[in-house]
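J.: Kindly generate the corresponding structure for this input.
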Amino acid sequence: MNDLAPLLTPEGRALLDEVRGTDPAQELAVATRLRRDHPADLVSAALGQARLRQRAVAKFGAADAERMYFTAHGVEQSTRASVATYRARRFAELGVTSVADLCCGIGGDAIALARAGIRVLAVDRDAPTAAVARANAEALGLDALIEVREADVTEVDFSAYDAVFVDPARRGGRGRIFDPEAYSPPLSWAVRAAATTPHAALKVAPGIPHEAVPDVAEAEWISDGGDVKEAVLWFGTEPGLVRATLLPGPRTLRSRGLPDPAVRPVGRYLYEPDGAVIRAHLVAEVAAELGGGLIDETIAYVTADERRPAPYASAYEITDQLPFNVKKLKALLREREVGILTVKKRGSAVEPEELRKKVKPQGPHSATVFLTRVAGAPTMLIGHPAS
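T.: This next block holds a predicted model:
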């Protein structure tokens, strides 16, 4: 980031304070005013950084985002602070006191590790990115615990550290990379690096095939607020274990090696497992806890006749089950004066917005419709969140 250095000067820092929270609609007027007293390039850099800081609030919180430095790529690719904090806590609970953070990006994970009291070597081969990571460590008062090094991670000696954390690049010129061996560095290299330290964590895409997970690793899928954020391969923990962790919490569901649940008729309640549970292939564990079964052997909806606590799924009470028919649905919604309609789908080609336009919901009441399959048949299930 060529314009980072000027922003770290007293003039640059003062300018960043002045443009904090600038409304995008007012940027031109603000830039015109500031350029009377400051270099145009510095003003542009400050306003650009202000925009990035505003975007970063969702991941890092306002208190940190307003002090940190970002690149556009860094905001998009960095780990959400809640996830990084959870992972740092796991490292600390393992007794780890030092971590080599390889492919550190702008330093989000290094920050969380340092705040957990862990000494960090943060490495990235991109000079501007490493500079931003270093600036962030200093801005947050963590530079005594974080050493940032610009280097190729495959050439770094990290034998003096208790653990490694590898977050390889999973995007290329054509977008996301799905083949773990096409990561930079490849998954195979990261696995070899993990074998050199007592503990390790490798961040991978949530869609990684289960067969690509090494037998010696524990696989963990993590969601935050219901959104699946990442998968992590842990080494030095419990080989072969699969778990789903839901944040905030954390709430962790561990694999028990259960067979697929049986298909059964739709009961009074429908449970929608969290995305991390589905990615981890732990729907059977949820069904066992709920005393339920599947509505279709290929659909990850669990149904049951009674309401039970569901920490790993969202619960809905089902009032109607209809074969897929837009006219019948429209008539039912009109009869019940449903104007607030939530449309969910799994196993249906119909898009929610397309259905919403066709049924034109109107009225003071609300409902949830599930477009899915029941025992292979296209079906609409109507209900509402269970209390």
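
J.: Next, give phi and psi for V166.
T.: The phi and psi torsions at V166 (degrees, to the nearest 10) take the values phi -120, psi 130.

J.: That one: what's it in contact with?
T.: The neighbours of V166, taking CB atoms under 8 Å, 6 or more residues apart in numbering as the test, are 102-103, 153, 185, 190, 193-194, 200-203. C-betas here are computed from N, CA, C, even on glycine.

J.: Give me the secondary structure label for the residue nearest to Q362 when sequence neighbours are not counted.
T.: In space, not counting the residues next to it along the chain, Q362 is nearest to G339; the distance is 4.9 Å by CB to CB, 6 or more residues apart in numbering. Assigned by DSSP: H, G, I helix; E, B strand; the rest coil, the conformation of G339 is strand.

J.: Quick check, G339 in contact with K360.
T.: No - counting by CB atoms under 8 Å, G339 does not reach K360; the two are 9.5 Å apart.

J.: In terms of neighbours, single out the busier of those two.
T.: For G339 versus K360, neighbours defined as other CB atoms under 10 Å are more numerous around G339 (14 against 11).

J.: wait, what's in contact with that one?
T.: 361-366.

J.: In the residues you listed, find the pair that's most separated.
T.: The largest distance within the contacts of G339, taken as CB to CB, falls between Q362 and S366 and amounts to 12.1 Å.

J.: neighbour count winner among these two?
T.: With other CB under 10 Å as the criterion, Q362 and S366 differ in neighbour count, and S366 comes out ahead with 14 against 11.

J.: just to revisit the earlier point, closest one of the contacts of V166 to T379?
T.: Comparing the contacts of V166 against T379 with CB to CB places K203 closest, at 37.9 Å.

J.: Now for the nearest residue to that closest one once chain neighbours are set aside, how many residues are close by?
T.: The spatially closest residue to K203, leaving aside those adjacent along the chain, is D167, at 4.3 Å (CB to CB, 6+ apart). Other residues within reach of D167, judged by other CB under 10 Å, total 25.

J.: and if you look at F165?
T.: F165 sits with 30 neighbouring residues when counted by other CB under 10 Å.

J.: Just grab the bridge partners of it for me.
T.: On DSSP bridges, the residues paired with F165 through beta bridges are D101, A201.

J.: for it, what are its contacts?
T.: F165 sits next to 87, 91, 99-102, 109, 113, 200-203 when contact means CB under 8 Å, 6+ apart.

J.: try 6 Å this time
T.: Taking CB atoms under 6 Å, 6 or more residues apart in numbering as the definition of contact, the neighbours of F165 are 99, 101, 201.

J.: K59 now?
T.: R80.

J.: Which ones among the contacts of G339 map onto helices?
T.: Residues of these located in helices (DSSP state H): none.

J.: Out of these, which is nearest to G141?
T.: Sorting the contacts of G339 by how near they are to G141, with CB to CB, puts S366 at the top with 47.3 Å.

J.: In this structure A244 contacts L282, no?
T.: Yes - A244 lies in contact with L282 (CB atoms under 6 Å); the separation is 5.4 Å.

J.: So for the residue nearest to A72 when sequence neighbours are not counted, what's the pLDDT?
T.: Ranked by CB to CB, 6+ apart and with sequence neighbours excluded, the top spatial neighbour of A72 is L52, at 6.6 Å. The per-residue pLDDT reported for L52 equals 95.

J.: hang on, L52 packs against Y69?
T.: No - counting by CB under 6 Å, Y69 is not a contact partner of L52; they are 8.2 Å apart.

J.: got the buried residues for the longest helix along the chain?
T.: Among the elements of type helix in the chain, defined by DSSP H, the one spanning the most residues is helix 40-60. Applying a neighbour-count criterion of 16 or more other CB atoms under 10 Å, one finds 42-43, 45-54, 56, 59-60 buried in helix 40-60.
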